[in-house]
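Q: Return a 3D structure for these sequence lines:
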Amino acid sequence: MLNIIGKMKEIEGFYQGKKILVTGAAGTVGRELVKLLVKCNPKELRLMDNNETEVFFLMEEYSERENVHCFLGDVRDFEKVKKLSEGMDIIIHAAAFKHVILSEYNPFDVVQTNIIGVENIIRAANLCKVRYVLFTSSDKAVNPTNVMGASKLMGEKLITAANALRDKDSNAIFSSVRFGNVLGSRGSVVPVFMKQIKKGGPVTVTDRRMTRFIMTKEEAARLVLKSLTIAKGGEVFVLKMPVIRIPDLAEVMIDILAPRYGYRKEDIEVIEIGAKPGEKLYEELMSEEEKSRSIELKDMFVITPAFKAIYRNIVYEYPETVSEHIEKRYISANEEPMKKEELKRYLLENKVLEEEL
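A: You can find the predicted model right below:
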């Protein structure tokens with residue numbers, strides 16, 4: 001695993017005794033956040049999701065913890081969001097529509113959840129005087145070519161503006177964090193490849209030239225928790241991540257899984273089917289414009305706001321700063337991809353394939 005954030009004990013003090021609302025808590029990253037947060041001994045964890053079945057399972061999982069409470073709710077519903085925000089110290093907003101192709105066919109549904117939902121979080125946080133709000137965004141927000149990416153970019157802009165417009169009496173901090181591909185998350189390429197290998201193939205790759213940033217669920221959750229502890233307000237945090245070639249991922253997964261499913265790896269074919277609408281050949285986590293206002297830390301980049309807060313002067317200084325001048329923007333096409341043996345070791349050491357078997 002990447003040494004992204006250090007051990008949990010270094011940040012758990014920040015969350016100890018806090019009241020925390022997590023939206024999208026039954027999702028892949030949401031569940032991992034909850035798993036780490038319960039170890040921090042918060043005063044209360046309110047977990048919200050609109051997936052009834054998954055909320056039920058979440059409730060069962062934490063039924064013996066008196067400080068964990070699960071709620072059905074949708075970020076589109078302002079009154080519900082406001083009610084659950086009352087008395088909270090922190091809101092971690094992980095609820096979103098994330099699937100690119102579904103978003104292309106259902107754009108206004110994405111607007112309602114990914115944009116209006118963010119505004120509902122901001123309004124509720126301001127009314128309830130929540131101290132910290134962190135929005136989980138996506139690499140697809142950078143130079144977006146699809147509905148989902150555009151909606152995430154708007155979410156980031158709303159968060160940054162909310163921080164810039166907070167009044168003199170407010171000590172609230174609004175920030176965002178960008179993810180790459182969370183390996184093993186529902187709907188991601190890993191479970192898709194696994195199902196194809198289990199059936200004996202073929203494994204479908206959209207374009208052999210594709211490169212992607214990757215991270216594990218735990219790395220994603222730790223990035224969120226660490227980012228909040230150093231946030232000044234309005235910035236976007238980006239984890240430094242390894243890069244892979246998608247065909248390499250397919251071949252390495254076949255190498256690992258084919259024998260487990262009773263096949264020879266030579267018998268499973270990898271075929272190219274063409275890119276989906278809105279899909280990029282490479283991922284971008286920092287645009288050319290953002291490069292000029294970014295700071296490099298040991299384990300991440302911080303993209304500071306393009307405009308100043310109106311009522312206060314915010315100094316963007318962070319521990320473990322490496323450089324305040326970024327030479328090149330952070331895109332997967334600019335980074336050296338992992339070798340196949342490195343990728344295989346990464347998947348095995350982080351048990352990325354284990355939960356699905």
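
Q: State the number of residues packed around residue 299.
A: 20 (other CB atoms under 10 Å). Where C-beta positions appear, they are placed from N, C-alpha and C, glycine not excepted.

Q: Go ahead and confirm it touches residue 237.
A: No. The criterion here is CB atoms under 8 Å, and residue 299 misses it with residue 237 at 9.9 Å.

Q: and whichever helix or strand residue 192 is part of, what's its mean pLDDT?
A: Here residue 192, judged by DSSP states H and E, is contained in helix 189-198. Per-residue pLDDT over helix 189-198 has a mean of 90.

Q: What pairs with the very next helix or strand once past it, parallel or antiparallel?
A: Sequence-wise, the next helix or strand downstream of helix 189-198 (DSSP H and E) is strand 203-205. Counting by DSSP bridges, the strands paired with strand 203-205 are strand 270-272 (parallel).

Q: What are the buried residues along the partner strand?
A: Within strand 270-272, the residues scored as buried using 16 or more other CB atoms under 10 Å are residue 270.

Q: now what about it, what contacts it?
A: Strand 270-272 is contacted from outside by 201, 202, 203, 204, 205, 206, 207, 208, 247, 250, 251, 254, using CB atoms under 8 Å, 6 or more residues apart in numbering.

Q: 7 Å instead?
A: 202, 203, 204, 205, 207, 208, 247, 250, 251 (CB atoms under 7 Å, 6 or more residues apart in numbering).

Q: Turn the residues you listed into JSON lines, columns for neighbour count, distance to residue 20 and pLDDT.
A: What follows is these, written out as JSON lines (neighbours: other CB atoms under 10 Å; distance: CB to CB, whole Å; pLDDT from 0 to 100):
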{"residue": "202", "neighbour count": "14", "distance to residue 20": "44", "pLDDT": "94"}
{"residue": "203", "neighbour count": "22", "distance to residue 20": "40", "pLDDT": "94"}
{"residue": "204", "neighbour count": "16", "distance to residue 20": "40", "pLDDT": "93"}
{"residue": "205", "neighbour count": "21", "distance to residue 20": "40", "pLDDT": "91"}
{"residue": "207", "neighbour count": "15", "distance to residue 20": "40", "pLDDT": "85"}
{"residue": "208", "neighbour count": "13", "distance to residue 20": "43", "pLDDT": "88"}
{"residue": "247", "neighbour count": "18", "distance to residue 20": "41", "pLDDT": "93"}
{"residue": "250", "neighbour count": "23", "distance to residue 20": "38", "pLDDT": "94"}
{"residue": "251", "neighbour count": "19", "distance to residue 20": "41", "pLDDT": "95"}
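
Q: Nearest to residue 266 among the residues you listed?
A: residue 251 (11.3 Å; CB to CB).

Q: what are the phi and psi values for the closest one?
A: phi -70, psi -40 (degrees, to the nearest 10).

Q: Repeat that for residue 132.
A: Dihedral angles for residue 132 - degrees, to the nearest 10 - are phi -130, psi 140.

Q: Show me what the residue lying closest to it once chain neighbours are set aside bridges to in the sheet.
A: Nearest non-adjacent residue to residue 132, counting by CB to CB, 6 or more residues apart in numbering: residue 90, 4.5 Å away. Beta bridges link residue 90 to residue 20, residue 132 when assigned by DSSP bridges.

Q: Around residue 90, count how many other residues there are.
A: Other residues close to residue 90 by other CB under 10 Å number 22.

Q: now do the one 10 residues further on
A: Using other CB under 10 Å as the criterion, residue 100 is surrounded by 20 other residues.

Q: And residue 147, by the same measure?
A: There are 25 residues near residue 147, going by other CB under 10 Å.

Q: One more: residue 14?
A: For residue 14, using other CB under 10 Å, the count is 16.

Q: and the helix or strand where residue 33 lies, which residues are buried?
A: Assigned by DSSP H and E, residue 33 belongs to helix 28-37. For helix 28-37, burial by neighbour count (16+ other CB under 10 Å) applies to 28, 29, 30, 31, 32, 33, 34, 36, 37.

Q: Format the residues you listed as JSON lines; extra columns: pLDDT and distance to residue 225.
A: Formatted as JSON lines, the buried residues of helix 28-37 follow (pLDDT from 0 to 100; distance: CB to CB, whole Å):
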{"residue": "28", "pLDDT": "88", "distance to residue 225": "16"}
{"residue": "29", "pLDDT": "90", "distance to residue 225": "11"}
{"residue": "30", "pLDDT": "94", "distance to residue 225": "13"}
{"residue": "31", "pLDDT": "95", "distance to residue 225": "14"}
{"residue": "32", "pLDDT": "93", "distance to residue 225": "10"}
{"residue": "33", "pLDDT": "95", "distance to residue 225": "7"}
{"residue": "34", "pLDDT": "96", "distance to residue 225": "11"}
{"residue": "36", "pLDDT": "94", "distance to residue 225": "6"}
{"residue": "37", "pLDDT": "96", "distance to residue 225": "7"}
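
Q: quick one: which of these is nearest residue 276?
A: residue 28 (20.4 Å).
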